[in-house]
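Colleague: how would this look folded up:
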Amino acid sequence: MVTRIKALILKVLLCSLVLLSGTVNAELSAQNWPMIKERFFNHRPINPTNLIQVIAPLGAENAAQVPVMLKVSNQQQDPIKSIYLLVDANPVPIVAHYQFPLSFNTLALSTRIRMQNDSHIRAIAETESGALLMASTIVNAGGGCAGTVAEDEAIVRENAGKIKFQLNPPYKPQKTASATLQIKHPMYTGLQIDAKTKQLKPAFYIQHANIMFEESSVMQVDFNVGTAENPHLTFNFDLPATHHQTNVNQVHIQLLDNERKSFSYTINLKP
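Modeller: Numbering: from 1, shown residues only. Purely as a prediction, here's the structure:
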């Protein structure tokens, strides 16, 4: 019994040290924030907001595939038109920039990101008037931006840009819908080592995506290398009553990678 109690105490102490270490590292990463803020937002004021929640695990099991959810309650007077997702401690802090041409009422957006070190994850929303709002959380993870790449280059490039898209249930205005977009792509960061050549693998990633319902763009995404391999987006949303479509029979997906190669898909939905 005494041995078990000692083992339990040791386990608790070790867990506490891990959490403390993560907190210290995250605090160190926060020292990067003033430089990041100036670089991306100049001297514009950024105010905290309760309109956004950033939800992520405190300790990520896989630093190359960290799940993150943004839950947003929009405002009618000055609606949110775009959200920047940033990780303070990443070599390239900006993970993605999500833009919403149509003003949604509520949004839950899930994705997966890479993290090089324990860090704050920040969501910076820009409203229609140009105001900047911020929410953040801390995640303990490391090593997700580097590592070794061993895939066959020919196979990787043959499959790069292929998609799966699901809209369920069929979307109607003023109703909440759930959509999932999966993009097959390695999203090479430029920091990974090629297992064959032992050299850095050049950055190769999807740079832009445009999701259109019929002729209306509902979301545009500017990706960066902090987005995880095989980008995955799930979003629950409702669009305003002014949206003119009564039904969505076609979804158009347009992609562009950093080598300027484009991909276009049209998905015909069942009535």
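Colleague: what about the spatially closest residue to T49 that is not a sequence neighbour, helix or strand, and which?
Modeller: Computed as Cβ to Cβ, 6 or more residues apart in numbering, the closest residue to T49 that is not its neighbour in sequence is L133, at 3.7 Å. For the C-beta atoms, the positions are set from N, CA and C on the backbone; glycine is no exception. When secondary structure is defined using DSSP states H and E, the element that contains L133 is strand 132-139.
Colleague: which elements pack onto the next helix or strand after that strand?
Modeller: Using DSSP H and E, the helix or strand that directly follows strand 132-139 along the chain is strand 148-149. Packed against strand 148-149, as judged by 3 or more Cβ pairs under 8 Å, 6 or more residues apart in numbering; DSSP states H and E, are the following elements: strand 193-194.
Colleague: quick one: distance of the strand it packs on to the chain centre.
Modeller: In terms of Cα atoms, centre = their mean, to the nearest Å, the centre of strand 193-194 is set 24 Å apart from its chain centre.
Colleague: average pLDDT across that strand?
Modeller: Model confidence over strand 193-194 averages 92 on the pLDDT scale.
Colleague: give me the helices and strands touching that strand, please.
Modeller: The helices and strands touching strand 193-194, judged by 3+ Cβ pairs under 8 Å, 6+ apart, are strand 148-149.
Colleague: for the strand it packs on, which outside residues touch it?
Modeller: P186, Y188, Q192, I193, D194, A195, K201 (Cβ atoms under 8 Å, 6 or more residues apart in numbering).
Colleague: if we use 10 Å, what do you get?
Modeller: 156, 186, 188-189, 192-196, 198, 200-201, 229 (Cβ atoms under 10 Å, 6 or more residues apart in numbering).
Colleague: just the buried residues from the residues you listed, in ChimeraX please.
Modeller: In ChimeraX, the members of the contacts of strand 148-149 classed as buried (16 or more other Cβ atoms under 10 Å) are selected with the following command:
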select :186,188,189,192,194,201,229
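Colleague: tell me which two of the contacts of strand 148-149 sit farthest apart.
Modeller: Between all members of those, the longest pairwise span (Cβ to Cβ) is found for K198 and E229 and amounts to 20.8 Å.
Colleague: if we can go back for a sec, adding distance to I253, write the contacts of strand 148-149 out as TSV.
Modeller: Listed next are the contacts of strand 148-149 as TSV, based on distance: Cβ to Cβ, whole Å:
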residue	distance to I253
V156	20
P186	19
Y188	21
T189	23
Q192	27
I193	32
D194	30
A195	32
K196	32
K198	36
L200	31
K201	26
E229	18
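Colleague: list just the nearest of the contacts of strand 148-149 to R114.
Modeller: Comparing the contacts of strand 148-149 against R114 with Cβ to Cβ places T189 closest, at 7.0 Å.
Colleague: which residue ranges of the stretch 1-150 of the chain form strands?
Modeller: For the stretch 1-150 of the chain, applying DSSP state E, counting those that start in this stretch gives strands covering 46-48, 52-55, 66-73, 80-87, 94-99, 106-113, 119-127, 132-139, 148-149.
Colleague: what's the angle between the third one and strand 119-127?
Modeller: Which is strand 66-73. With axes from the mean of the first three to the mean of the last three Cα atoms, to 10 degrees as the basis, strand 66-73 and strand 119-127 are set at 30 degrees to each other.
Colleague: sort out which residues of strand 66-73 are buried, please.
Modeller: Result for strand 66-73 [16+ other Cβ under 10 Å]: buried residues V66, P67, V68, L70, K71, V72.
Colleague: any idea how many residues pack against S264?
Modeller: Close neighbours of S264, defined as other Cβ atoms under 10 Å, add up to 11.
Colleague: show me which residues of the strand or helix carrying it are buried.
Modeller: S264 belongs to strand 262-268 when elements are defined using DSSP H and E. By neighbour count, with 16+ other Cβ under 10 Å as the criterion, the buried positions of strand 262-268 are F263.
Colleague: re earlier: so what strands line up beside the strand holding L133?
Modeller: Using DSSP bridges, the strands paired with strand 132-139 in its sheet are strand 46-48 (parallel), strand 119-127 (antiparallel).
Colleague: cool, thanks, signing off.
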